[in-house]
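Student: What follows is a predicted structure for the sequence shown.
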Amino acid sequence: MVGPMYDCLANPLGAIRLTFEKAVGSGCEPSAFDGKDWGALDVFREFLVDQGNLSQVPVLNSETLKWVQPNTLVRFRGMVQDMLGNEFYAGAYKDGSGWRTNKFGDDSQQPIDSSPDVRVWERRLLYCVPVPGLNTWAESEAASEATVTSMDLTSQQRDKRQRMDAESMDYEGSNIVLEDSPSAKRMREDGHPSLSVQLSDLKPEGPCSSTMMRPEVGDSPSCLVKVYDTRESELKLNDIFEFVGVFTIESEPVPADDGDDIDLTTGFRNDLVHLVPCLHCIVHRKLAVSDFLRSSPIIEQSKHVVMNTRESLLRHLTMLLGNDGVAANYMLLHLLSKIHARVDNVAVGKLSLNLTCLSKEALSVFGVQLCNALRNLLPFTDSIPLTVNYLNTACLGPKKDYQRNRLIGGTLQLAEGSHLTIDETQLETGTLNSVGIENARLLKDLVELQKVEYDFTYYKMEMAADVQLLVLSEGKSNILPADIVLPVRPSDVSRPEVVSAEALGAWRWYLATMRTLSHTIESEIQEVVEKDLVAARQADRRIGSKEFSSLLTMGRLMSLSFGETTLSLEHWEMVKELEKLRKERIN
Amino acid sequence: MASDSSPTRFNNTPSSPDDSAFSSPIGDTFSSPNKRGRGRSAATPAYDTPPHPNSRSRFASSEATPTPLHHAGRPTTPSSTSEGAPSSEAGDDMDEAAPTFVWGTNISVQDVKSAIQMFLKNFRDAQSQGAEIYEDGKYMKAIHRVLEIEGEWLDVDAHDVFDYNPELYGKMVRYPLEVLAIFDIVLMDMVSLINPLFEKHVQVRIFNLKGSTTMRNLNPSDIEKMVSLKGMVIRCSAIIPEIREATFRCLVCGYFSDPIVVDRGRISEPTLCLKQECQAKNSMTLVHNRCRFADKQIVRLQETPDEIPEGGTPHTVSLLMHDKLVDAGKPGDRVEVTGIYRAMSVRLGPTQRTVKSLFKTYIDCLHIKKTDKSRMVAEDAMEIDSGTQKHDEDVEFDEAKLSKLPDIYDRLTRSLAPNIWELDDVKRGLLCQLFGGNALKLPSGASFRGDINILLVGDPGTSKSQLLQYIHKLSPRGIYTSGRGSSAVGLTAYVSRDPETKETVLESGALVLSDRGICCIDEFDKMSENARSMLHEVMEQQTVSIAKAGIIATLNARTSVLACANPIGSRYNPRLSVIDNIHLPPTLLSRFDLIYLILDKADEQTDKHLARHIVSLHFEDPELAQQDVLDIATLTAYLSYARNHINPQLSDEAAEELTRGYVEMRRRGNFPGSSKKVITATPRQIESLIRISEALARIRFSEIVEKHDVTEAFRLLEVAMQQSATDHTTGTIDMDLITTGVSASERMRRENLVISTRNIIMEKLQLGGPSMRLLEILEELKKQSFAVEVHLHDLRNAVATLETEGVVVVHGDSVKRL
């Protein structure tokens, strides 16, 4: 066993160097390692995976950032927000008689002499930020895996956000007053805020708008990740990864030509030397939504459990929506939706939901409850208060800033599987300026095509997105053409129940797991479905491919919600029944 | 610097270790890029020519002082100044010395030199080859021209180098610094032979490399290699004056030093006055206006959108531009750059010698070509876009094979927007539009367009826009606009004032920009009247003429128009004519070769198809669903090859068929025993037919339009006509519908109405007697058991006709007989 020979945690570079020297010592030319590994990865893989030491590695966040030593092993979970291109570095060089390596580090300070003694290697620079809209529970559960305790697991940012929530609550002077700071604290500690404290008839802007306060790049622990020897297709923009690697602190990379040789010119000099945490990635792993759940409750995927969880979740949703069972059913399907294919301009599998008949007053009851509940159910949520002023000022689409050579992430740069609530009830008459029109168009494109346009000044690029969109509005939204428009009929305003941590955990697991199931259709059912569609179209010429699509998506999601992987007649009938009820409400 | 990146050193030259060359002080203004980066001057010392004014490196001062070269401006030259006389004697006569090699390689300097000489002297274009051997080669002519215009560079096509001597090309790409330095020297030798008094330095600029890379693929092995890549300029720095020669003055005695040349990025400031009498210490100061500077500029190039893979952001790369290349590109320009990829190490601080382990990379630019500009000038857009010759040849083979398939026409049809089901005939029409017919220009000046214009009219939700978007993606060039947001000038051309020069400049509109392509106009019906009228000229004459703000011009707009429109009142009313439905002026409508009606029929079969399509979309792997279909890349390649290389001609047989068919079509309008005359075809149709059959031949890669092409063209036209020009009351094709908007049967009905109205008026009204109300006449008409329903509106028209005949007078609603 080689493992114990190296202290991977505290001195990863030592381990890297030793393996390198060993490899070179065994007669390999350093040039053989161009773009290749010499065995260092195996050591780390063994240490992290086989020996299960991943949890030993501290997670990088604004708290840990204060005490993590440079050149130690850290973990970072984040979304690839920007790609800064490739960097060439002296990978291996001759120091005296022996070869040394620079991979996974930046320490070579000695002048590098003659060129044949230097191997130039390249690495990719990625700018990663914490997943946008990451909810506290998901964050703390990720961190709690680490046994390195003694540190406050919540970041300052989250802390602040919670406090803001609390303040707005306080300001509202609702019936549950003065609970604010304990509630925030409780939320921080166990990650499961008790809903009874959180949910009250708040003004809708409260939590919704505060979640809008996306961490500014810079004050949150965003991280520059240097990735070695990977194929380009492996790491994509907006993907969520967990990186494990060597931690260093570096000045922010500036465009390569901002060299000293032009600093007396008006060239593109970046005079702010930002220090950013940097991670030389050794191992990386793509994360799915389920990776943000607490790993402990591994629930057997038995039919019974799924059914029970579905029942209880549906009950919970029904109550949230004021005892509106139909709306709860739609909401469940909506929360399970996921894009599973793209054909030309059609994103198959999206199911955006537009809940109508919500006046400002009604929203103050349901909207806030809903917002909070969603935040507790899904790992990444965000919400947008759609006001004229917001549209006119907000920067929704990501934009390239050539001054800083950086992509400025807009609100719509979201990770795959995020949930976005758009609150249209606050929209009043007003005039949109050009920014507002552009923003409205971006939102519309996102709803219709699940694509976001990234602005690179000289051209625009469309990036595929996979965001669940929930629109809350008084009437049918005209800006945002959702797949399903459903008037909500609340009948009963009930106090939200107290939800146990176990139930929450089960629901989270349920939502995260069910949506990833694959799905097929039997040929008999296919025929039935086709027949139904034809009949529907014969009856109503207005039904087009769009309606067909959402009907089929619902069928798929309905059977997924039962944990089934094939569409059954029973579920198809349920969908048709639901649609019938919905149609009745609309007319 | 990286391996083999060191400045040229030759193995018989005791090269002094030039430590500074590697830890090359980045801060120094004279790091490699400076002297046209390539350090080409570095090669000079090794085989210094006998004193000759013109053989000096291009970076030395150009004053022709026939002094032996002191190696001015070669900071990275290891051996030069320190050793005094160059150690290698390889001069013009290369025989005496042992072969010198480019350092670290087995490339012999002499070999390269003679190869270059041979190339420059003897290279001839393929066309001119064998014509006149005694005529000068292509580059000899070019050199003479350069001398005439006192140019400063000679553009050398790398393809020519490759054709003449592939080995030399290989060396040039792999060791550009050294080979280009030799190139320059050979060139200067030749220049001085031709005109010994020519004082300017002529440089070689290589362009058009055989292979171009993408920014993404640049990797460490490309360092110090010649590369060529495409991209978009995003930023340009200000022009940086870079010092080349410095002059110092003694503060004590006022003595001026000789110009001191920058050496290895550094100027060695004299510590004491060189004047014998003075010798004051630390008294020398730089005199700025006696120094010599050169222009330098840093430009950032970014990937164009088409090179960015999914889920990536564009990469950027820095370019260093020198002298004439400065300001050659502006932000937003698409350029193709040839240069040397270089890396230099980064120092920790400006004063520190230690360097980081990082390298800064940039491209030392040799040649820059604006791709967009050339596109505007180019005769055919496809030619530019189709890339290198090699690509063409490969494609040619594949395409030729494809074109031999018996079902190529159907296969292409299937491949066109495979996700839009049905509409096969519409797709066929669009395919014809993509391939296009032959434009014909008669010596008399009359020209016939080869572009096919198509109008799609249809119910909402029938995927018209999707078709449009698909075609837009496929067409070699073109603009996609929406009628709602387009103005007349936006479509054609407008004059604006340049913010910098304050001059009026002509800006091209969408139609001009899509010259030689397809202009897709969505929501054609929503277009303003004014904008639409601009289309008349474009669609038949294929030009845009403007006269405004002192600019009178006619611009080419050889574009095919693909428009789609919604019927008035959003749904197509089958009882009305096309004209009434889409409300377009007949003059414009007749300019469309094919008008398709895409109607949403309440047809169970179609619905089933739609249902199946959507079900498969949801439950099957989309890739599996579409087999036997050409991907877009192949389709585009096929298309561009056909458009470039195939120019079909009508065969006699086809011409005959065309005539026969046309006569037949016209004859169809004559109903036996009927007096009414229906025009079923117009000369415009025959032109359309020719175009379509040419396009069909092109699809098959056939140079001859055969009979079956014509038959298919007739079929296509009829399918389109049947849908659009059918007179719904009689069921025959009626061109009058298109040309005037009123069908013959309708006209007949109107005439009948006039006659019966006249009868009623004659019966009921006395001459000069009391008047009668229109409604009363209507009642009477209805009583007279007219099979057809009569509307007040129709009656009004009839009465108006009678009024012009002088039978009645109309006052408001009352009619009075005269």
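Tutor: Okay, I see it.

Student: Smallest gap between chain B and chain A, at which residue?
Tutor: residue B:311 (2.9 Å; Cβ to the nearest Cβ). Yep, even glycine has a C-beta here, placed from its N, CA and C like the rest.

Student: Run through the residues that contact that residue.
Tutor: Counting by Cβ atoms under 8 Å, 6 or more residues apart in numbering or on different chains, residue B:311 makes contact with A:233, A:236-239, A:463.

Student: One more pass at 10 Å, please.
Tutor: A:80, A:83, A:232-239, A:463-464 (Cβ atoms under 10 Å, 6 or more residues apart in numbering or on different chains).

Student: repeat for residue A:65
Tutor: Applying Cβ under 10 Å, 6+ apart, we find residue A:65 in contact with A:58, A:74, A:155, A:221, A:223, A:247, A:249, A:277.

Student: My reading is that it lies in a helix. Confirm?
Tutor: Yes: counting by DSSP: H, G, I helix; E, B strand; the rest coil, residue A:65 falls inside a helix.

Student: Pull up the per-residue confidence for it.
Tutor: pLDDT for residue A:65: 74.

Student: Check residue A:334 too.
Tutor: Per-residue confidence (pLDDT) for residue A:334: 90.

Student: Please apply the same query to the one 4 residues further on.
Tutor: At residue A:338 the predicted local distance difference test score is 86.

Student: for the one 10 residues further on, same thing?
Tutor: You'll see residue A:348 listed with a pLDDT of 82.

Student: tell me the phi and psi of residue B:438?
Tutor: Torsion angles at residue B:438 (phi, psi; degrees, to the nearest 10) stand at phi -90, psi 130.

Student: which ones are touching it?
Tutor: Residue B:438 neighbours (Cβ under 10 Å, 6+ apart): B:448-450, B:646-650, B:690-691, B:694-695, B:697-698, B:705.

Student: The residues you listed in strands, which ones?
Tutor: Among the contacts of residue B:438, DSSP state E puts B:448, B:649-650, B:705 in strands.

Student: which among the residues you listed end up buried?
Tutor: Neighbour counting with 16 or more other Cβ atoms under 10 Å in any protein chain shown marks B:650, B:705 as buried within the ones in strands among the contacts of residue B:438.

Student: From the contact counts, what lies against the helix or strand hosting residue B:531?
Tutor: Here residue B:531, judged by DSSP states H and E, is contained in helix B:529-541. Under the contact definition 3 or more Cβ pairs under 10 Å, 6 or more residues apart in numbering or on different chains; DSSP states H and E, helix B:529-541 sits against strand B:447-448, helix B:488-491, helix B:510-513, strand B:518-522, strand B:543-548, strand B:551-556, strand B:560-565, helix B:586-589.

Student: average pLDDT for the second one?
Tutor: Averaging the model's pLDDT scores along helix B:488-491 yields 69.

Student: could you point out which element follows it?
Tutor: Next in sequence after helix B:488-491, counting helices and strands by DSSP H and E, comes strand B:493-497.

Student: Buried residues, that next one. List them.
Tutor: Buried residues in strand B:493-497, counted by 16+ other Cβ under 10 Å: B:493-494.

Student: quick check: angle from the next helix or strand after that strand to strand B:551-556?
Tutor: Next along the chain after strand B:493-497, taking DSSP H and E as the criterion, comes strand B:504-508. Strand B:504-508 and strand B:551-556 meet at an angle of 20 degrees, taking axes from the mean of the first three to the mean of the last three Cα atoms, to 10 degrees as the criterion.

Student: for strand B:504-508, which positions count as buried?
Tutor: Quick answer for strand B:504-508 (16+ other Cβ under 10 Å): B:506, B:508.

Student: Each with direction, which strands does it pair with?
Tutor: Applying DSSP bridges, strand B:504-508 is found paired with strand B:493-497 (antiparallel).

Student: Report the inter-axis angle for the partner strand versus strand B:543-548.
Tutor: Taking the same axes, to 10 degrees, one finds strand B:493-497 and strand B:543-548 inclined to each other by 30 degrees.

Student: secondary structure element for the closest residue in space to residue B:470 that isn't next to it in sequence?
Tutor: Spatial nearest neighbour of residue B:470, chain neighbours left out: residue B:417 (4.3 Å); criterion: Cβ to Cβ, 6 or more residues apart in numbering or on different chains. For residue B:417, there is no enclosing helix or strand under DSSP H and E.

Student: so how far is residue B:111 from residue B:417?
Tutor: For residue B:417, the distance to residue B:111 (Cβ to Cβ, to the nearest Å) stands at 57 Å.

Student: repeat for residue B:236
Tutor: For residue B:236, the distance to residue B:111 - Cβ to Cβ - is 40 Å.

Student: before we move on, what about residue A:335?
Tutor: 73 Å.

Student: the more surrounded of the two?
Tutor: More neighbours surround residue A:335 than the other of residue A:335 and residue B:111, with 25 against 17 (other Cβ atoms under 10 Å in any protein chain shown).

Student: Could you list every helix and strand in contact with the one helix or strand that one maps to?
Tutor: Using DSSP H and E, residue A:335 maps to helix A:325-336. Counting contacts by 3+ Cβ pairs under 10 Å, 6+ apart, helix A:325-336 is packed against helix A:303-320, strand A:353-356, helix A:360-377, strand A:467-472, strand A:484-487, helix A:501-514, helix A:545-561, helix A:569-586.

Student: For the residue in the stretch 151-300 of chain A that chain B sits nearest to, which three-state class applies?
Tutor: Of all residues in the stretch 151-300 of chain A, residue A:236 sits closest to chain B, with a separation of 2.9 Å (Cβ to the nearest Cβ). Under three-state DSSP, the three-state class of residue A:236 is coil.
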